[in-house]
Structure formats: C-alpha cells, structure tokens
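Visitor: Kindly return the folded structure for what I paste below:
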Amino acid sequence: EPSVELEPVAGQNYQWWLPKFLNEASGIAVMADQSILLHDDELAVIYRISLVDHSIESFGWLGSPEFEQDFEGIALNGEMLYLATSDGLIYQAAVDLKGRSQALDFAVFDTGLESICEIEGLHFLSGKLLLPCKVPIEEVYKNKLVVFEFDVETHQIREHFSIPSEIFGPLEGPHPTSIEVSDNYYYIVSTNYLLKINRDLSSINIFSLPKLRHFQPEGIGRLQDGSLVIVEDFRKGAARLTHYPGIESLEKIR
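Guide: Numbers count the residues shown, from 1 in each chain. Here you go, the predicted model:
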C-alpha cells in the first residue's frame, strides 16, 4: 500500500481512523523514533505509522503479502521482529528498521501452548517473549490471569506470572488481548479495561477504556515519553488508533 495519512476521528485530537487495509489491526510494536509497527489479524503484512505526522506506509511482510495466519501479537527487539499466532506459533524475522515493503525471511517456533491457552498479545522483555493467555484451555489456568514466557535462545516455555481472577474484583475474566512493559509495570488490555500491574505483583490498578472510544481494543504500546497508544479491531466499521499523553488520561476505577 502507498504511504497515506491517517484520518482524524471527528472531534478528537488524539484518535484516528485506520485505512481499510488495517480494519483488523491487532498488535503494536514500539519503535525508537515516535513510530509504531502495526499488523493485521489475518495477514502477515506489517505497517509503520508515524505518531508525529500520522503517516502510514508498508513496512514489510512474512514471505508474501498473501501469507495468512491468525496473528495476534507483534514484538521488536533491535532488528529482530516477532509475530505470534493464537495457537502459540512464533514467527521470527530480521528486519531493516528503515526499510519499506520488505519481503522477510522467517523462522517458526512452536511454543507448545496450543492445547493450553489461546494466545493474544506479545512483548519482548530481557530475552523472553511474553505471551498472555486470553482463553485458558487447560483447567489449571482457568479463572486466572496468566502470562507465559518463551526464551528466544533456548525456545523453552514457562509461566511468567499467574494471578487469581478474584484479585481483580468485579472485572470479568480477565481476558488479555495485549501486553506492554515498563521498568516498573505491566500494562495489559482486557476487554474495555487497562490493567496496570506492579512488576513484583504487589499492586494492581484498573483503568476504564470507554466503549465510546474503544469498541474492541486489541493492542497497546508505551512510548519512551510515557504516552500510550491503543489500537482496536473495529469489526463493524473501521479500526481506530488512539494516542493518550499518559495513563492519567484514563479514568481509574480501582
């Protein structure tokens, strides 16, 4: 797709409609230059969006633009890109961070999570890929918020953390769709809530993502300035991208 500019949502100076070719936007990976990478839910095509001039252009694709899979998360570590599928496959590809429309060679790794959890979301942290469990399949993980970690060197999978659902009070689930990490906190999108969890699991705050602005939030990214970017798969229309100055822009409900 050619480079285009995002269309602002009427009356909002922090939210934009995404083009039709990103109607099923799913995940975010943050780059160092105030831009992000976005991927579609069904195709292995990746787009780069500048949060400075709100332009969007093709970044690349795995193999070919027609390559289909149920992609549910994207992560970046230097010049290594990762995509995750709902059944726990990890696609790994080296990228040129300044490139456009790159046909990417890739390797595939099976985490073994297919029979354990439906996965949604991905984040690279200290040599590990964090994989939130959106829908537990194995009984032991039901009624918990579970995040797994996949070691990119040894390809071993293990539990990163697990939190009983009663800790979240009236919040149903939770059913995470994305994860972001700062020095001190995990940020996890779950339906129309944003969970801010201390990395030692000592505190949990819950923020509202109101349906008026977030029909179906899917991905989250946190920039170096602390601002938050949320993308949603707007199945009944067009997808939207929202850029908040910080988490204090959201209503804290607990």
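
Visitor: Return, as residue ranges, the portions of the stretch 151-254 of the chain with sub-threshold pLDDT.
Guide: Counting by pLDDT under 70, the low-confidence segments of the stretch 151-254 of the chain come to 235-236.

Visitor: can you map out the strands along it?
Guide: Along the stretch 151-254 of the chain, the segments classed as strands by DSSP state E, counting those that start in this stretch run 157-164, 176-181, 185-190, 193-198, 204-208, 217-222, 228-232, 240-244.

Visitor: out of these, which comes closest to Val30?
Guide: strand 217-222 (4.3 Å; CB to CB). All C-beta spots, glycine's among them, are computed from the backbone N, C-alpha and C.

Visitor: Against His243, how distant is the spatially closest residue to Arg254 that is not a sequence neighbour?
Guide: Once its chain neighbours are removed from consideration, Arg254 has its nearest residue in Ile206; the separation is 4.4 Å (CB to CB, 6 or more residues apart in numbering). With distances defined as CB to CB, to the nearest Å, the gap from Ile206 to His243 amounts to 21 Å.

Visitor: Likewise for Lys211?
Guide: Using CB to CB, Lys211 is found at 19 Å from His243.

Visitor: again, but for Asp40
Guide: 20 Å.

Visitor: Quick one: end-to-end length of stretch 26-44, please.
Guide: For stretch 26-44, the separation between the terminal residues is 11 Å (CA to CA, to the nearest Å).

Visitor: May I see the buried residues of it?
Guide: Across stretch 26-44, burial judged by 16 or more other CB atoms under 10 Å covers 26-31, 35-41, 43-44.

Visitor: Inside helices: which ones of the residues you listed?
Guide: Using DSSP state H, the subset of those located in helices is empty.

Visitor: Among these, find me the one that's closest to Phe161.
Guide: When the buried residues of stretch 26-44 are compared for distance to Phe161, the smallest value, 20.3 Å, is given by Gly27; criterion: CB to CB.

Visitor: is it true that the closest one touches Ser178?
Guide: Yes. Contact status for Gly27 versus Ser178: in contact at 6.5 Å, counting by CB atoms under 8 Å.
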